[in-house]
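[1] Just the structure for this:
(chains A and B)
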Amino acid sequence: MPHGNPRFVHGKILHNTGSGIFYRMEVAVPERIDFVPGQFAMVSGWPGNDPLLPRPLAIFRSGGVRGKAAVEFVYKVVGRGTALLSGLHAGDPIALTLPLGHGFEFPAGDRSWWLVGGGVGFSSVFPAAAALEEERADFEIFLGARTRDQLPPGEWIPGGAVAGRVHLCTDDGTAGFFGTVAAALRDRIDRRKSSGPSRVAILACGPHEMLKAIAEFALPLDIRVQVSLESSMACGFGVCWGCVTAIRDGEKSGYRRICKEGPVFDAREVVW
Amino acid sequence: MQSVTPDLTTRVGNVLLKNPVMSASGTFGYGLEFMPFYDISRLGAVIVKGLSLLPTPGNPPGRIVETPAGMLNAIGLQNIGVERFVNDVAPRLEDAGAVYVANIYGRTIEEYEAVARRLSDLPALAAIEVNASCPNVKEGGIAFGSSPEGLSGLTRRVRAVTGKPLWVKLSPNVSDIGAIARAAEEAGADAVTLINTIVGMAVDPRTRRPMLSNVTGGLSGPAVKPVALRMVWEACKAVKIPVIGIGGIQSPGDALEFLLVGAAAVQVGTANFRNPNACVEIVDGIRDFFVREKIFRLDDYRGKLLLREK
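    This is a model prediction of the structure:
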């Protein structure tokens, strides 16, 4: 898969519109950005120094050619930075550093991919679904949210029209499976016993507790799990060392940068 | 009309820089990380992340928090150690044509000496910057850097083991910056760099916990600039050796303010996080300003602050 060097570009917002609790923002950029699903951008566009730092957003889609290239993001308002971002309009300038970080890996082999998005975490796994759809690979999607209104619109789901592919889960039972995504995954494993779980690979992004729960039940079953971790970041490209997490390194563990060695890690290496 | 390219060269003691803009230690990695963005040989110098004798793991997560127009950090000096720097990083900085300076720290004076000694083996290394001011590690220099006596002792000992130009990075968390700067000068420093970050704190009112695992951290960014500028101005009056100005610089105008109060050069830190091209944009902006203002040499502008006659 193509993997570009990071660059700092000035873009222009094409649209930035809300849909439920999510915003979808498309930005015109000078040239095409090639990215690996799971990679992200550091984004800033609001005037002034407060907040000072750009915000990390997963790259949702990218396409076009030089002169007509665009990159797309999906985000949720969680604090002042994203609140200011949501107030920007078509035509407003925006600064992007991208593509950043180590994305999902897709080792060859006959397997089923289970893509898991908790909350706005789908924004980093949908690009993986799009890539798998292109490869005609076998994949299913699990989406978790507190309640029905906090699930992404169905038409955003790559390959979502295929029957039985998308599993919705809500904490309050207002849509799909009544319970957590981790519980839904366990349920799905049990129903799949015939072919065994070892051919399944999970790619997940979402709240830390969700990722931890998935790792705890899936790893002992020999299911390969890649998780995309979140953190506040200052730079996003590996120079501030502010976003580290403890990662196993043989018998010991050390702090690795979520922005550089991550955000996607093998769940076996994460010190949960 | 053809414009003459202004002469931006500046001297920090014996070190000749092609322009007065350097990256600040701790905000620029080992320099190599910026090569996708621009040619790092365009900078006056690259100051790499603080090096210790052995690799250092740093503080647990909860290392950064944003504050109004600034940020607090308590990274804890995580670094690869001097040996890997000498073997793996320095040759690549040389290949890139960069003028580079190593920032160092130790838990003890002996460790500072050992790191300085090892770095002195690098012919191309332009200078050693002694971190006598990291607020986040007890042994990160602040123990030495908060009193004139402590700083003098540290500077003298490192001075004795290296022939490299020696820059000493000062803490703002002191009552008399002039006295601290003079102590460094008298102990043999070739230049002083200031300011390091200002000790600060942030708390989450709901969880009742500090935002940083280290409880306190170092404040940087535009929020500290007025304090930094005042301290650089005071240091410039207190010593004869060059003063390198740092603190909240994110635009050419910010850099010019520090040069005007007398800094021989400046370092750009937190601005690199927001805009990876910040350093080179500041170089270009200073040049454009000089062209517009018909200033031909940096030396004709530097230290030319106009004060009202008393």
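
[2] Tell me how far residue A:92 lies from chain B.
    17 Å (Cβ to the nearest Cβ, to the nearest Å). In short, each C-beta sits where N, CA and C put it, glycine included.

[3] List the contacts of the closest residue to that residue other than its chain neighbours.
    Excluding the flanking residues, the one nearest residue A:92 by Cβ to Cβ, 6 or more residues apart in numbering or on different chains is residue A:13, at 4.8 Å. Contact analysis of residue A:13 by Cβ atoms under 8 Å, 6 or more residues apart in numbering or on different chains lists A:25-28, A:45, A:88-94.

[4] which ones among these are found in strands?
    A:25-28, A:93-94 (DSSP state E).

[5] Report the buried members of those residues.
    Among those, those classed as buried by neighbour count (16 or more other Cβ atoms under 10 Å in any protein chain shown) are A:25-28, A:94.

[6] can you count the residues close to residue 50?
    Because you didn't say which chain, this covers chain A. When neighbours are defined as other Cβ atoms under 10 Å in any protein chain shown, residue A:50 has 17 of them.

[7] Please refer instead to chain B.
    26.

[8] Surely it is within a helix?
    No. If the criterion is DSSP: H, G, I helix; E, B strand; the rest coil, then residue B:50 is strand and not within a helix.

[9] sorry, back to before: I'd like the contacts of residue A:13 as JSON lines, with pLDDT appended.
    Formatted as JSON lines, the contacts of residue A:13 follow (pLDDT from 0 to 100):
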{"residue": "A:25", "pLDDT": "97"}
{"residue": "A:26", "pLDDT": "97"}
{"residue": "A:27", "pLDDT": "98"}
{"residue": "A:28", "pLDDT": "97"}
{"residue": "A:45", "pLDDT": "88"}
{"residue": "A:88", "pLDDT": "96"}
{"residue": "A:89", "pLDDT": "96"}
{"residue": "A:90", "pLDDT": "97"}
{"residue": "A:91", "pLDDT": "97"}
{"residue": "A:92", "pLDDT": "97"}
{"residue": "A:93", "pLDDT": "96"}
{"residue": "A:94", "pLDDT": "97"}
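
[10] Which secondary structure element is home to the residue lying closest to residue A:55 once chain neighbours are set aside?
    Residue nearest to residue A:55 in three dimensions, not counting chain neighbours: residue A:81, with 4.4 Å by Cβ to Cβ, 6+ apart. Using DSSP states H and E, residue A:81 sits in helix A:80-86.

[11] so what does that helix touch, helix or strand wise?
    Packing contacts for helix A:80-86, counted by 3 or more Cβ pairs under 8 Å, 6 or more residues apart in numbering or on different chains; DSSP states H and E, involve strand A:7-19, strand A:22-29, strand A:55-58, strand A:69-76.

[12] For the stretch 151-272 of chain A, which residues are neighbours of chain B?
    Contact residues, the stretch 151-272 of chain A versus chain B (Cβ under 8 Å from any Cβ of the partner chain): A:231-246, A:254-255.

[13] Any stretches of the stretch 101-250 of chain A with poor pLDDT?
    The stretch 101-250 of chain A contains residues with pLDDT under 70 at A:110, A:193-198.

[14] Thought residue B:62 was touching residue B:204, still the case?
    No. Using Cβ atoms under 8 Å, residue B:204 makes no contact with residue B:62, being 10.3 Å away.

[15] In the chain, spot the helix with the most residues.
    Using chain A here. Ranked by number of residues, the top helix in chain A under DSSP state H is helix A:122-134.

[16] wrong one, chain B
    Per DSSP H, chain B has its longest helix at helix B:278-293.

[17] That one close to chain A?
    No. Residues of helix B:278-293 contacting chain A under Cβ under 8 Å from any Cβ: none, with a closest distance of 9.5 Å.

[18] which residues sit against that helix?
    By Cβ under 8 Å, 6+ apart, helix B:278-293 touches B:3, B:5-6, B:8, B:19-23, B:38, B:42-44, B:249-256, B:268, B:271-272, B:275, B:295-296, B:298, B:301.

[19] if we can go back for a sec, can you tell me which of the buried ones among the ones in strands among the contacts of residue A:13 lies nearest to chain B?
    residue A:94 (12.7 Å; Cβ to the nearest Cβ).

[20] For the closest one, list each beta-bridge partner.
    residue A:11 (DSSP bridges).

[21] so it touches residue A:42, yeah?
    No. Applying Cβ under 8 Å, one finds residue A:94 not in contact with residue A:42, separated by 11.0 Å.

[22] what number of residues lie near residue A:186?
    17.

[23] Surely it and residue A:220 touch.
    No. Contact criterion Cβ under 8 Å: residue A:186 and residue A:220 do not qualify, at 11.6 Å.

[24] Out of the helices and strands packed on helix A:80-86, indicate the one that is most buried.
    Ranked by mean neighbour count under mean count of other Cβ atoms under 10 Å in any protein chain shown, those are led by strand A:55-58, which reaches a mean of 25.

[25] Check the offset of that one from the chain's centre.
    10 Å (Cα atoms, centre = their mean, to the nearest Å).

[26] what does stretch B:166-175 give?
    10 Å.

[27] ok so, going back, got the buried ones among the ones in strands among the contacts of residue A:13 as CSV, with distance to residue B:33 columns?
    Putting these into CSV (distance: Cβ to Cβ, whole Å) gives the following:
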residue, distance to residue B:33
A:25, 27
A:26, 29
A:27, 24
A:28, 27
A:94, 23
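
[28] now, among those, which is nearest to residue B:167?
    residue A:94 (37.9 Å; Cβ to Cβ).

[29] Give me the contact list for stretch B:10-22.
    Contacts for stretch B:10-22 (Cβ under 8 Å, 6+ apart): B:8-9, B:43-47, B:99, B:101, B:126-127, B:165, B:167, B:190-191, B:241-242, B:244, B:255, B:259, B:263-268, B:279-280, B:282-283, B:286-287, B:298-299, B:302.

[30] just the strands in the stretch 151-272 of chain A please.
    A:166-170, A:177-178, A:200-205, A:224-228, A:244-249, A:252-257, A:264-266 (DSSP state E, counting those that start in this stretch).

[31] Which residues of the stretch 1-150 of chain B lie near chain A?
    Close to chain A, as judged by Cβ under 8 Å from any Cβ, the stretch 1-150 of chain B has residues B:26-29, B:33-34, B:36-37, B:49, B:57-58, B:60-61, B:63-66, B:68-71, B:73, B:75, B:78.
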